[in-house]
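Sharing a model prediction with you, sequence too.
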Number of protein chains: 4
Amino acid sequence: MTHIQQPHLSHIPADLVAIHDYEHRAAEFIRHDILEYIASGCADDLTMQRNRQRLDDIPLQARLLQDFQQANTHTTLFGQPLAHPLLLGPVAHQQLVHPAGELATAEAAAAMATPMVVSTLASTTLETIASHHQGALWFQLYWQHDRSNSLALVQRAERSGYQVLVITLDAPVNGLRNRPQRAKFQLPDGVIEANLQHQPRPAQRTLSAEQSIILNGIMADAPTLDDLLWLRQQTRLPIVIKGVINPADAVALQAAGFDGLIVSNHGGRTLDGLPASIDALPAIRCAVGADFPVLMDSGIRRGTDVFKALALGANAVLVGRPQLYALAVAGALGVAHMLKILQDELEMTMALAGCPTIAHIQADALADR
Amino acid sequence: MTHIQQPHLSHIPADLVAIHDYEHRAAEFIRHDILEYIASGCADDLTMQRNRQRLDDIPLQARLLQDFQQANTHTTLFGQPLAHPLLLGPVAHQQLVHPAGELATAEAAAAMATPMVVSTLASTTLETIASHHQGALWFQLYWQHDRSNSLALVQRAERSGYQVLVITLDAPVNGLRNRPQRAKFQLPDGVIEANLQHQPRPAQRTLSAEQSIILNGIMADAPTLDDLLWLRQQTRLPIVIKGVINPADAVALQAAGFDGLIVSNHGGRTLDGLPASIDALPAIRCAVGADFPVLMDSGIRRGTDVFKALALGANAVLVGRPQLYALAVAGALGVAHMLKILQDELEMTMALAGCPTIAHIQADALADR
Amino acid sequence: MTHIQQPHLSHIPADLVAIHDYEHRAAEFIRHDILEYIASGCADDLTMQRNRQRLDDIPLQARLLQDFQQANTHTTLFGQPLAHPLLLGPVAHQQLVHPAGELATAEAAAAMATPMVVSTLASTTLETIASHHQGALWFQLYWQHDRSNSLALVQRAERSGYQVLVITLDAPVNGLRNRPQRAKFQLPDGVIEANLQHQPRPAQRTLSAEQSIILNGIMADAPTLDDLLWLRQQTRLPIVIKGVINPADAVALQAAGFDGLIVSNHGGRTLDGLPASIDALPAIRCAVGADFPVLMDSGIRRGTDVFKALALGANAVLVGRPQLYALAVAGALGVAHMLKILQDELEMTMALAGCPTIAHIQADALADR
Amino acid sequence: MTHIQQPHLSHIPADLVAIHDYEHRAAEFIRHDILEYIASGCADDLTMQRNRQRLDDIPLQARLLQDFQQANTHTTLFGQPLAHPLLLGPVAHQQLVHPAGELATAEAAAAMATPMVVSTLASTTLETIASHHQGALWFQLYWQHDRSNSLALVQRAERSGYQVLVITLDAPVNGLRNRPQRAKFQLPDGVIEANLQHQPRPAQRTLSAEQSIILNGIMADAPTLDDLLWLRQQTRLPIVIKGVINPADAVALQAAGFDGLIVSNHGGRTLDGLPASIDALPAIRCAVGADFPVLMDSGIRRGTDVFKALALGANAVLVGRPQLYALAVAGALGVAHMLKILQDELEMTMALAGCPTIAHIQADALADR
């Protein structure tokens, strides 16, 4: 693929020791316009920067002399055991940074026993990924204009053995991608939205002169709650709603019968100005009660970040962009190493914070601000 | 005009996608001393920077799955419908950056259905602008030393079809324009205050040795409340007072019978140290009640900024300097594009914040800080 | 004087429009080590930077349509009228930056009707300054090891017509002047402490091996309250204590019969870590009541700063370092211009904040933070 | 030693006047990878930076006219008099920066009457240090896998005349040393952990495939409270626990019979995200009452920092990295000078804050934030 700048590393250099190192080195491997597409948030990157700043600001609490004889990082989500409370979030177009794209990521995910959430916009079909993959797969759905197109995707995922359905609701319109626009980003030839190649094109919508393309055109393609409740009836998979920031939405979605939430501002890529996910999390956990599955993403770069999210109410977290940075630098090996770094960092944090199990990671594991 | 540095663009480059891009590129088109005059606030630019910082700091709230079937951005001001809650604020001397000056801006305003507030200090007469313009025009008045001179301008505006009178009260003395002073800014030959060319010069004021040119000289030319109440009787136009920051002033002006307010610190160009307009807005809305027209300017650069101002109580907002940046870069086309950007960004914000109409943009559309 | 780098300007360039401009240009006129001595605070400059930061952070309030017919900036201090609430604070060694030193400053002070506080450490004798000066002079006393030496200075000042005695108490030990130490600053030949040339040397103090040069040596030379009460009996001059930050000190000094206070952290030159003077001011005004004279210095660079100090309780303010910057750049003319800038800026602030007189500048002239 | 870059200075240059100067100049004397090992915190250095930022932010209070006739800096710890409330904290591997390593540091400590805490990981044996040293020595213990190995070290220290035992509990796993990892730091040949040369190697631990090297391997080597209580019975030395941040730990350790605590985040070298030590201190002092010995380290670089820690509840403070910077730059002379700077700065702070003795340094010696 001509947009790939140089061969990926076939080993991990000794000075590549943190997610930030993958991020910094990614510029050597990813074409500038593509990197701008990946690395940017939206508009002025306020929310993307806030995600990191607010995670950094949260103080951890130390605890000495705790009993680690039974220590472990196990947890369960939707009845499935997880070795670590960590998933690969849905990331589109992975062939942008590596010829093997999602297949390499999936290989790493399986090796590290980490569930992978495959994106609707994957550059490889969900069936191909599933047929190569040994581990747990979830499928992320972007609503496809109407019920039948959307259902078709869900049924393909179900047939292919995907275990959980994630529906992303926070991007009915695309964010303001000013940085990739300035870099004149376009999907390179050969990088396709593989799952959607044989979808029928939606009928052209006709708007009156007074109507807004955004408010009356694009938004008319967004799903309604009725659409989602209908879909809920069509599948046996647990459904997790991704992109929740408002506690009122969390309560409504829980009441409507969905199975879990992902607190997310889409890595700062949709509406610039949203709170950091980590700031939205506590009120949402409070709103849905202790037992409802709540995951979080947006800004996780350190094991301490995973720990902070868990202490503030998340059952698990997802990482997004780091997949692409690691994939670009060192392929499947890079993604596996990136996951290993986060796992080890989480364990070190638990050791030093005196939390021998995931259940010990509660609000008192943080210091007062 | 020799002070124009290079021809304006006749098309919009693909990487010009945000108001900030116009601001950054303006330096290629505007002579340095003129740009300093335009881009600076006053003194140390504290208030100008605060305008942006405080807007950026306000967190938006997300809302999912709202019904957008009737979505629109319509509002009304003084009985007139507005397609978007956005106006072109009064900006002086527009021929500083483009030979067609206010006429080009007016052309863009009409194309984008955006009311334009013409400045007393326009470089084209209010009559010429009105005769070329297809859309809604408001006239901004700087008090002209005495009642008769001031009334003359108002009557000219009224005769020319201006719909609203904006009286700017926050600049009885000029701000401390240190940056243009350092850049040795002077109005270039040929850029005139066209509306004032035939005004009689005010009588020279004689001060005693003990008296202050500022406190006793310049301030004696400022209007009193009596002057304004008198003027209120001379015109049928709604009168909006611009430059209100203090809620006590807001209440007094409402009680005195004026028709609306513009919360403004003059883009940070008068008194360095004033609060950000966005910080002054809520107390003023609270003071005048829900139904009194309150607009805001100073610092609006994004659709999210428009949204935040509306959520904190504004009926509409005005943009100032971006007119000049867009005019300098690409003339009428630039100004129209600049307005289109803001309109689209506002619509995207409404879509992602789950607010289908202007009336939905209330305080709960912001997250807790 | 060989330490003077280049001739002072004989006119004021058009781009020299703010105190900051004098500060920035001073480096062209002042030898590096001397500038480090003047421009530095102490240790890490925390307090010096805090002085500016906290002044900048205070928001002003606007007020429209006030009556300025009787507007003026007059005030009185110790029975003397002041044209503006502004004094030249005590600044040592003025020949460091200009051959005429204090005499040039005094000339400017007289021209601008601004009282000048002459330092104990002036490079010209207090008698010479008084004999050349047309305006109000105050004398600043550093305690001179014992009562008789200290009294001698006070009596010289009294004989020479000084009107107020300022006793500086906040520097019983010198601050940690790391920046001038690093620059290897030394008083150049010929710059002397003129007032102290004929003072008898204090007796050498003998310390035991266990005793501290600082705590038992230098501190033994500091005056006690008894010393000051004794001095209080020896002079008819009003005594103002300079260097008060703690409200408990303010109350004690008021109770002891002194005539006024100067809230000051010595421009950040004594104890790094002290609060900004502007932050210490309100509690001190509150502690001593509305009628006791309280002045403030440390960080005043703008007319808005003067205004903020007055709004928070000061009767007047003093400026320090700007004297030296202006003196270095343009001699007496520079100092006069510097004072004119501050006077004009204060008047503009009063105009725009709607405060026609000094008495109007109260807490409600500031916006809520 | 080939890793030493250039000869140490044999005198103190005139521009070396603060701890920061030693830190800045250390790069000339310490090999890059070694400096990264010394100067870094862990992970993203958040806690290390917070240590400095929060100390800088605390405002001091001034106090005038206090009686300094009996002024001194004396205090006592565990029955031993201290000339100043300042110790040399345990710092490993001092031959990394100077051939004489700990012996040079000990020489300086004795000269300045400052207790030195010798590290388990010293590059010279504790016996050698003790045999050369004239002053007070404490011994810092890292638990050595089991009771007998740990006790052996304690008994050696006891036999050699060490007066206090410091047990470090906050590093059961090493911090995430990303900066030295990136710099490819390794202990140079010849720099050894001298105290541990003849320790038997711990038995290899066997983990199941499911178990974590960190949580089940390394953590199994950490001491339990029972281990510590057992050790408490084996020695007559006072035991101080180092690395306490959580007040709950402080209370438990006090109740368990230990003799004192050191509030410390290990200079930011263990868990990135911990609060600044200075922020953890007040709650710990409050939890253990006024009479229990509490020391503090992490970030002390100025006499004002010592003063602030004392005002917030510490009996004394320890300095860490500055030992290595001073040792690298100028050997024993440098360390002595570094201590002299801190002592003098503390005395100047006491003079200017009006605190004639250590007992006067209470919370009211700080200003309100």
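Yes, it's here. Residues are numbered from 1 along each chain as shown, chains lettered A, B, ... in the order given.

contacts and neighbour counts: CA atoms only from here.
Noted.

unless I'm mixing things up, A:Asp364 is touching A:Leu60, no?
No - with contact defined as CA atoms under 8 Å, A:Asp364 does not reach A:Leu60; the gap is 9.0 Å.

More neighbours: which of the two?
More crowded of A:Asp364 and A:Leu60, by other CA atoms under 10 Å in any protein chain shown: A:Leu60, with 28 against 13.

Who are the contact partners of A:Val117?
By CA atoms under 8 Å, 6 or more residues apart in numbering or on different chains, A:Val117 lies in contact with A:87-90, A:137-140, A:166.

Tell me which helix or strand the closest residue to it other than its chain neighbours sits in.
Ranked by CA to CA, 6 or more residues apart in numbering or on different chains and with sequence neighbours excluded, the top spatial neighbour of A:Val117 is A:Trp138, at 4.4 Å. Assigned by DSSP states H and E, A:Trp138 belongs to strand A:137-141.

for A:Tyr276, what are its contacts?
No, residue A:276 isn't Tyr; it's Ala. A:Ala276 sits next to A:47-48, A:50-52, A:54, A:265, A:298 when contact means CA under 8 Å, 6+ apart.

pLDDT wise, what is it at?
Note on A:Ala276: pLDDT of 98.

Do the longest helix seen in chain A and chain D come into contact?
Secondary structure of chain A per DSSP state H: the longest helix is helix A:321-353. Yes - judged by CA under 8 Å from any CA of the partner chain, helix A:321-353 and chain D are in contact via A:344-345, A:347-349, A:351-352.

Distance of the residue most central in space within chain A relative to A:Leu237?
Centroid-nearest residue in chain A: A:Gly89, 2.7 Å away (criterion: CA atoms, centre = their mean). A:Gly89 sits 18 Å away from A:Leu237, going by CA to CA, to the nearest Å.

Check A:Gln155 too.
For A:Gln155 relative to A:Leu237 (CA to CA), the value is 10 Å.

tell me the SS of whatever residue of the stretch 151-300 of chain A ends up closest to chain D?
Nearest residue of the stretch 151-300 of chain A to chain D, counting by CA to the nearest CA: A:Ile300, 13.6 Å away. Three-state assignment for A:Ile300 (DSSP: H, G, I helix; E, B strand; the rest coil): coil.

bridging residues for the closest residue to it other than its chain neighbours?
Residue nearest to A:Ile300 in three dimensions, not counting chain neighbours: A:Val319, with 6.1 Å by CA to CA, 6+ apart. Here A:Val319 sits in beta bridges with A:Leu88, going by DSSP bridges.

re the thing from before, give the contact list for the residue nearest to the centre of chain A.
A:116-118, A:297, A:318-320.

which stretches of chain A have low pLDDT?
Applying pLDDT under 70 to chain A flags the ranges A:1.

From chain C, how far out is the residue lying closest to A:Ala71 once chain neighbours are set aside?
Ranked by CA to CA, 6+ apart and with sequence neighbours excluded, the top spatial neighbour of A:Ala71 is A:Pro356, at 4.4 Å. Remark: distance between A:Pro356 and chain C (CA to the nearest CA, to the nearest Å) = 41 Å.

Secondary structure class of A:Pro356, three-state.
For A:Pro356, the assignment made with three-state DSSP gives coil.

Can you get me a residue count around A:Ser131?
Neighbours around A:Ser131, by other CA under 10 Å: 11.

If you drop the residues flanking it in sequence, what lies closest to it?
A:Ser131 sits nearest to A:Ser160 (CA to CA, 6+ apart), 7.8 Å away.

count of residues packed around the one you found?
Going by other CA under 10 Å, the residues that sit close to A:Ser160 add up to 16.

what's the answer for A:Ala14, then?
10.

Let me know whether it touches D:Pro180 as I believe.
No - using CA under 8 Å, A:Ala14 is not in contact with D:Pro180, being 10.9 Å away.
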